[in-house]
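Peer 1: predicted model, plus sequence, below.
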Amino acid sequence: MTRLTGTRPVAARRWGCTTAAFLLLLLTVQAAQKADLSGDATAGTINHSLTLLQRLQELLQNGNGSDSVLRVRTVASDEAKVFHTHQLLLSLQSEVFESLLRNQSVVTLHEPPEAAALFEKFIRYLYCGGVSILLHQAIPMHQLASKYRVWGLQRGVADYMKTHLASESSQGHVVGWYHYAVRIGDAALQESCLQFLAWNLSAVLGSAEWGSVSVELLLLLLERSDLVLHSELELYTAVEGWLSRQQPEGPVAERVLRAIRYPMIAPSQLFRLQAQSAVLARHYGAVQDLLFQAFQFHAASPLHFAKYFDVNCSMFLPRNYLAPSWGSQWVINNPARDDRSTSFQTQLGPSSHDAGKRVTWNVLFSPRWLPVSLRPVYSDSVSGAVQPVRIEDGRPRLIITPAMSSPDFAGVSFQKTVLVGVRQQGRVLVKHAYSFHQSSDEAADFLAHADLQKRTSEYLIDNSLHLHIIIKPIYHSLIKVKK
């Protein structure tokens, strides 16, 4: 593709513009013909659009009739990649190219190496309207689209990033995409990355990209109560490793350590951390009050503890822990077949005072539950016919209720969280998390858009629905003590 640069003859430039304009005119005429024939039952379509796209691609590859030249340079190299292009096609896609080529036919562009390596793909998109990219090419391609204001490509790359968060890569990519989204101010991409990291944190903690997490991202994650991981101790261990590698300034390290929810860690494990954690020893003064409060929480009954301490704060709010004491996994084979039920037990609460107390939970799953408004009713006609009801009118329903009541429930309510696992890019990851409180036994929108009738449904793994039910005790202050 590389050619010697120089000024093309005026006739050649005019020929290039004429050719490009003619091809675009053909596309316009084709669209108009399709619209004119859409109302005729005998209408037929003769579609040669793929041939037309091939002609456009050949126009770029061969440089036939080009009237403009782009020279792409990088700081790391003295050589320039040269592209013989057509001003009309570039101007139609990019107002930046329209301005650059208005009064000159040869333009030198300076790009970072990663973007320069993709410039041929970028130009091909301007001619053909399509491009294929890989995970590591998403950011530089998005940068090119943003720089030259090719808005369709910019949106397309952003959508690609949102739908490929689950893709597996050797070094990880979600953390890098989040940091990039912050830099460019893409709030939607930020939220998509943050939600993925929160719901699949255990996988991230054990990956190479955990070390690339910024302080700001780490603090945002630690603030969240919807983190999905095995236990708070797992989170502390990962944070300890992050602090050891990053060596942030003292105030930053102390702020990170104070975001750990120590009451959610068993006393025996807290004792071990005090004795063995070098990070905790180094910053013990900053978290001493939190550790003391955690031991008090485990020593007294929650009801008594709530009389003197504010338990309506994040420190006493469990995250989505996958440990068996917090819930149970439930794999429903062929979920569209019929109703299913199961039961499991959880701890009454994380306080060691209640270590021996258990709560039994009953769970009912129905694949085709019908709301009252859709249930069959008899009409007033003579035949007394019943309104037809289709299977697809029903929706999945999951009901979780305690199998018992106890005075121990005083001062505590239970938040139920249901995680739905799916297989994406060969990995089982959390796709949705539904949460509802004690005042409700079910999530109103549970799998509202899932088609469980199809074996190929994205919500099914080998024709099974993978759920993980988590019960989170929420403590409430019963008495306000005046100080």
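Peer 2: Great, that's in hand. The shown structure was predicted, so the numbers you read here are calculated from the model rather than taken from an experiment.

Peer 1: show me what the strand or helix carrying Pro473 is packed against.
Peer 2: Assigned by DSSP states H and E, Pro473 falls within strand 464-475. Applying 3 or more C-beta pairs under 8 Å, 6 or more residues apart in numbering; DSSP states H and E, one finds that strand 464-475 contacts strand 320-321, strand 327-333, strand 340-347, strand 358-369, strand 412-424. C-beta: built from backbone N, CA, C; applies to glycine.

Peer 1: if you count neighbours, what's buried in it?
Peer 2: Leu465, His466, Leu467, His468, Ile469, Ile470, Ile471, Lys472, Pro473, Ile474, Tyr475 (16 or more other C-beta atoms under 10 Å).

Peer 1: looking at the helices and strands packed on strand 464-475, which is closest to Leu53?
Peer 2: With C-beta to C-beta, the closest approach to Leu53 among those belongs to strand 412-424: 31.0 Å.

Peer 1: after that closest one, which helix or strand is next?
Peer 2: strand 427-436.

Peer 1: buried residues in that following strand?
Peer 2: Using 16+ other C-beta under 10 Å as the test for burial, strand 427-436 gives Leu429, Val430, Lys431, His432, Ala433, Tyr434, Phe436.

Peer 1: partner strands of it and their direction?
Peer 2: strand 412-424 (antiparallel) (DSSP bridges).

Peer 1: the partner strand to strand 327-333, inter-axis angle?
Peer 2: Strand 412-424 runs at 40 degrees relative to strand 327-333, counting by axes from the mean of the first three to the mean of the last three C-alpha atoms, to 10 degrees.

Peer 1: now strand 412-424: how far from the chain's centre is it?
Peer 2: 16 Å (C-alpha atoms, centre = their mean, to the nearest Å).

Peer 1: buried residues of that strand, list them for me.
Peer 2: In terms of neighbour count (16+ other C-beta under 10 Å), strand 412-424 has its buried residues at Val412, Phe414, Gln415, Lys416, Thr417, Val418, Leu419, Val420, Gly421, Val422, Arg423, Gln424.

Peer 1: please name the residues that touch the residue lying closest to Leu317 once chain neighbours are set aside.
Peer 2: For Leu317, ignoring the flanking residues on the chain, the nearest one in space by C-beta to C-beta, 6 or more residues apart in numbering is Ser225 at 5.2 Å. Ser225 makes contact with Ser314, Leu317, Pro318, Arg319, Asn320 under the criterion C-beta atoms under 8 Å, 6 or more residues apart in numbering.

Peer 1: count of residues packed around the fourth one?
Peer 2: The reference is to Arg319. Counted by other C-beta atoms under 10 Å, the residues lying close to Arg319 total 24.

Peer 1: the residue lying closest to it once chain neighbours are set aside: what's it in contact with?
Peer 2: Closest residue in space to Arg319, ignoring its immediate chain neighbours: Leu227 at 4.6 Å, by C-beta to C-beta, 6+ apart. For Leu227, the contact set (C-beta under 8 Å, 6+ apart) comprises Ala198, Leu201, Leu221, Leu235, Arg319, Asn320.

Peer 1: same check, this time on Thr163
Peer 2: By C-beta under 8 Å, 6+ apart, the contact set of Thr163 is empty.

Peer 1: mind checking pLDDT for it?
Peer 2: Thr163 carries a pLDDT score of 91 in this model.

Peer 1: how many other residues sit next to Gly156?
Peer 2: Gly156, neighbours per other C-beta under 10 Å, totals 19.

Peer 1: what pLDDT does it get?
Peer 2: 96.

Peer 1: tell me the angle of the host helix or strand of it relative to strand 412-424?
Peer 2: If you go by DSSP H and E, Gly156 is part of helix 151-163. Angle between the axes of helix 151-163 and strand 412-424 is 120 degrees (criterion: the same axes, to 10 degrees).

Peer 1: buried sites along helix 151-163?
Peer 2: Leu153, Gln154, Gly156, Val157, Ala158, Tyr160, Met161, Lys162.

Peer 1: any idea how far that helix is from the chain center?
Peer 2: 14 Å.

Peer 1: now do the helix or strand just after it: everything it contacts.
Peer 2: With elements assigned by DSSP H and E, the helix or strand that comes after helix 151-163 is helix 174-184. Here helix 174-184 makes contact (C-beta under 8 Å, 6+ apart) with 138-139, 142, 146, 161, 165, 187, 189-190, 193-194, 196-197, 204, 209-210, 212-214, 216-217.

Peer 1: can you check stretch 416-428 too?
Peer 2: Here stretch 416-428 makes contact (C-beta under 8 Å, 6+ apart) with 164, 166-168, 199, 203, 226, 228, 320, 327, 398, 400, 429-437, 443, 446-447, 458-459, 461, 465-472.

Peer 1: do stretch 120-132 as well
Peer 2: For stretch 120-132, contacts defined as C-beta under 8 Å, 6+ apart pick out 1, 53, 56-57, 59-60, 70, 81, 83, 85, 89-90, 93-94, 133, 137, 141, 144-145, 148, 150, 152-153.

Peer 1: buried only: go through those residues for me.
Peer 2: Neighbour counting by 16+ other C-beta under 10 Å classes 53, 56, 59-60, 70, 81, 83, 85, 89-90, 93-94, 133, 137, 141, 144-145, 148, 150, 153 among these as buried.

Peer 1: just the ones of those residues in helices?
Peer 2: Among the buried ones among the contacts of stretch 120-132, the members falling in helices are Leu53, Leu56, Leu59, Leu60, Leu89, Leu90, Gln93, Met141, Leu144, Ala145, Leu153 (criterion: DSSP state H).

Peer 1: Ala306 should be in a helix, yeah?
Peer 2: Yes - counting by DSSP: H, G, I helix; E, B strand; the rest coil, Ala306 is part of a helix.

Peer 1: that one: neighbour count?
Peer 2: Ala306 has 22 neighbours, counted by other C-beta under 10 Å.

Peer 1: go on, Arg255?
Peer 2: For Arg255, the count of nearby residues is 16 (other C-beta under 10 Å).
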